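sequence first, predicted model second:
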Amino acid sequence: MKETLFNLQGKKALVTGAGRGIGKAIALGLAEFGCDVGLLARTQAELEQAAGEIRAMGRRAAFAAADLSRVSDLAGLVDGLIQQLGGVDILVNNAGINIPQESAQVTEEAWDRVVDINLKAAFFMAQAVGRVMIAQGRGGRIINITSQTGQVALIKRAAYCASKAGLNLVTKVLALEWAPHNILVNAVAPTFIETDFTRDMLADPKFRDYALAKNLLKILGKPQDVVGAVIYLAAPAANLVTGHVLLVDAGWTAH
Ligand SMILES: NC(=O)c1ccc[n+]([C@@H]2O[C@H](COP(=O)([O-])OP(=O)(O)OC[C@H]3O[C@@H](n4cnc5c(N)ncnc54)[C@H](OP(=O)(O)O)[C@@H]3O)[C@@H](O)[C@H]2O)c1
């Protein structure tokens, strides 16, 4: 059992937003557990660096630098990476942004940018990869990185909260539709994690206090704190888990 529960040897994984932060930690974690990994984000230099680290572990890595909010490009990007890796078993939809604004000030442009990458691109990535998984006929795993803010409100984040709550429910719809193909679809919903994404916010002592206010453990997360949840949902250990949102929130939503 020890050898099989978390064995991902030879599996092929795609990770979006894999150049830095949580996505890079997930990509490296999947490689450590045995996966070949395809990486997507816009910044080529960060993808090259991450791919080099994965190859140094003896795994295959491929990458494509692209803006994933250009939804019409997604199927081609996915097909290119899958050809290089020789198939696909796991998709981690991690790419995301946040543009904090008071609701009275939110612009249509900012709303669209957040929802386009966090929700729309994640759905169409799942569609592109899901179609291949269905055709391959060997099942698969799709893991969406959402947020505690998919379940609880946070000020100045109307679009962000909407995108993450939306992706939590899309996760369940896909789980329903694709269960007959043994494609298991789940989400991982972190609390505040220290990355470039939160660096400026957490540099403000008031915000830092707020970020710890409902955190029962009084510790801000690190990218690697999210990795274990993703490995679990990608692995045989989660063979009976689908349509689930796994909170990695230090108890934020418990009270
Ligand atoms: N950090 C937190 O506190 C926290 C908490 C809960 C949930 N999350 C979620 O976790 C995910 C990762 O967050 P993070 O903190 O690791 O963020 P990050 O450090 O800012 O990294 C975001 C990644 O997404 C990529 N990305 C952004 N927009 C993209 C686009 N249009 N096309 C392709 N790639 C794009 C970025 O690469 P490029 O800029 O090179 O494209 C980067 O690789 C996000 O979905 C976020 O909402 C984060």
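Yep, it's here.

any idea how far Ala110 is from the residue lying closest to Leu217 once chain neighbours are set aside?
Nearest residue to Leu217, sequence neighbours excluded (CB to CB, 6 or more residues apart in numbering): Ala250, at 4.4 Å. Every C-beta, even on glycine, is put in place using the N, C-alpha and C of the backbone. Using CB to CB, to the nearest Å, Ala250 is found at 28 Å from Ala110.

more crowded one of those two?
Ala250 (21 against 16; other CB atoms under 10 Å).

tell me the contacts of that one?
Thr191, Asn215, Leu216, Leu217, Ile219, Gly221 (CB atoms under 8 Å, 6 or more residues apart in numbering).

among these, which pair sits farthest apart?
Leu216 and Gly221 (12.6 Å; CB to CB).

settle it for me: which of the two has more neighbours?
Set side by side, Leu216 and Gly221 show more neighbours around Gly221, with 21 against 13, by other CB under 10 Å.

phi, psi of the closest residue to the more buried one other than its chain neighbours?
Ranked by CB to CB, 6+ apart and with sequence neighbours excluded, the top spatial neighbour of Gly221 is Ile193, at 4.0 Å. Main-chain torsions, Ile193, degrees, to the nearest 10: phi -120, psi 140.

count of residues packed around Ile193?
Counted with other CB under 10 Å, Ile193 comes out at 21.

check the gap between the residue lying farthest from the centre of the chain and Ala203 for me.
For the chain, the largest distance from the centre (CA atoms, centre = their mean) belongs to Ala104, which lies 29.4 Å off. According to CB to CB, Ala104 and Ala203 sit 25 Å apart.

what about stretch 20-39, start to end distance?
11 Å (CA to CA, to the nearest Å).

check which residues of it are buried.
20-31, 33-39 (16 or more other CB atoms under 10 Å).

for that stretch, what is the average pLDDT?
Throughout stretch 20-39, pLDDT has a mean value of 98.

so who does Glu53 touch?
Leu28, Ala31.

need the CA coordinates for whichever strand or helix holds it. PDB is fine.
Using DSSP states H and E, Glu53 sits within helix 44-56. Output in PDB follows, covering the C-alpha atoms of helix 44-56 (Å, rounded to 0.1, in the frame of the first residue of the first chain):
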ATOM      1  CA  GLN A  44       9.100  32.100 -21.000                       C
ATOM      2  CA  ALA A  45      12.100  32.500 -18.700                       C
ATOM      3  CA  GLU A  46      10.300  31.200 -15.700                       C
ATOM      4  CA  LEU A  47       9.000  28.200 -17.600                       C
ATOM      5  CA  GLU A  48      12.500  27.400 -18.900                       C
ATOM      6  CA  GLN A  49      13.800  27.500 -15.300                       C
ATOM      7  CA  ALA A  50      11.000  25.300 -14.000                       C
ATOM      8  CA  ALA A  51      11.400  22.800 -16.900                       C
ATOM      9  CA  GLY A  52      15.100  22.600 -16.200                       C
ATOM     10  CA  GLU A  53      14.500  21.800 -12.500                       C
ATOM     11  CA  ILE A  54      12.100  19.000 -13.600                       C
ATOM     12  CA  ARG A  55      14.500  17.600 -16.100                       C
ATOM     13  CA  ALA A  56      17.200  17.600 -13.500                       C
END
